[in-house]
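K.L.:
just coords:
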């Protein structure tokens, strides 16, 4: 399977300002098959955080933060939806999150490193009353959400 990913293209230097050109998007192939305990996820959201500035240099200035490597995929927090699963507690269609998520469109991840995101979704503004009633009587798992629009383009 071909995916797009973001790699560290160059280092800004210890006192340099990070610029967009420090990163590069490329296409790579990842396996179509997953092993026991793994899931294939489609990435929905990726996080950018201030601590990542340290990861851009070989010397991160910290013993517990490993540097990103040049021409290698970078990582951070992410949220995705499972497209295939060989993990006993995770199923196709589950939303999951992790603090280690490669910056790529799809990934194969160890299911044990993921947290499941629990919510109950009902579609349509006309179902707000039913959703409220369900939430008040314990009919939801996790947060009760009503999807009003699936179009997220601006």
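P.N.:
Good, I have the coordinates. This is a predicted model, so every value here is computed, not measured.
K.L.:
Could you identify the longest strand within the chain?
P.N.:
The strand that spans the most residues within the chain, counting by DSSP state E, is strand 75-85.
K.L.:
Give the buried residues for that one.
P.N.:
75-76, 78-80, 82, 85 (16 or more other Cβ atoms under 10 Å). Glycine gets a C-beta too; all of them are placed from N, C-alpha and C.
K.L.:
do the same with stretch 130-147
P.N.:
So for stretch 130-147, counting by 16+ other Cβ under 10 Å, buried means 131, 135, 140, 144, 146.
K.L.:
Contacts only, for residue 92.
P.N.:
82-85 (Cβ atoms under 8 Å, 6 or more residues apart in numbering).
K.L.:
Report the mean per-residue pLDDT for stretch 4-16.
P.N.:
For stretch 4-16, the mean pLDDT works out to 94.
K.L.:
which residues are in contact with it?
P.N.:
18-19, 21-28, 56-59, 68-74, 102-105.
K.L.:
Would you mind measuring the gap between the ends of stretch 78-95?
P.N.:
11 Å (Cα to Cα, to the nearest Å).
K.L.:
quick one, helices of this protein?
P.N.:
52-55, 128-136 (DSSP state H).
K.L.:
Out of those helices, which gets nearest to residue 122?
P.N.:
helix 128-136 (4.6 Å; Cβ to Cβ).
K.L.:
Quick check: which ranges of this structure have low pLDDT?
P.N.:
Within the chain, the segments meeting pLDDT under 70 span 150-154.
K.L.:
quick check, nearest of the buried residues of stretch 130-147 to residue 3?
P.N.:
Nearest member of these to residue 3, counting by Cβ to Cβ, is residue 146, at 32.1 Å.
K.L.:
was I right about the closest one contacting residue 122?
P.N.:
Yes: counting by Cβ atoms under 8 Å, residue 122 is a contact partner of residue 146 at 5.3 Å.
K.L.:
rewinding a little: so which of the contacts of stretch 4-16 sit within strands?
P.N.:
Those of these lying in strands (DSSP E): 23-28, 102.
K.L.:
Thanks a lot, catch you later.
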